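# No sequence on hand, only this structure:
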């Protein structure tokens, strides 16, 4: 009887140790666009809603063509409503901001996102009064559910 109890306890401890070391692979979501027209003085944005996720790594690159500087502002923000960002109403979090650049690569981390929040990739040409821009980008979201 004592041997059966020890065997049972060993089995249960083994399950606990195994479950603590169990690796759950991360999920990925990729979004890429080519030749996105961003007119002078305006924004173009793309919503990415992953649901409730944790340990979000966001990486990618972009480049812009057009105007004298071939530049764009590239943002990744997290909010319940994109208008909060577009009209600067305050209820948003900047995850990545490129500044005004021709191209860049990035790799950023976000701890979690709520069900009601979304990520937005924002291509911002609001600073340009004359020149339209064309933007190519590729972004990967890697996360745990």
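Sure, I can see it. From a predicted model like this one, the values you see are computed outputs, not experimental measurements.

# can I assume residue 69 sits in a helix?
No: using DSSP: H, G, I helix; E, B strand; the rest coil, the secondary structure at residue 69 is coil, not a helix.

# looking at this structure, which helix or strand is least sure?
Lowest mean confidence among the helices and strands of the chain (mean pLDDT, DSSP states H and E): helix 2-20, at a mean of 59.

# Nearest spatial neighbour of residue 36, chain-adjacent residues omitted?
Using CB to CB, 6 or more residues apart in numbering and skipping residues adjacent in sequence, the residue nearest residue 36 is residue 135, 4.7 Å away. Every C-beta, even on glycine, is put in place using the N, C-alpha and C of the backbone.

# can you count the residues close to the one you found?
If you count neighbours by other CB atoms under 10 Å, residue 135 ends up with 22.

# quick one: it and residue 107, what's the gap?
Taking CB to CB, to the nearest Å as the measure, residue 135 falls 19 Å from residue 107.
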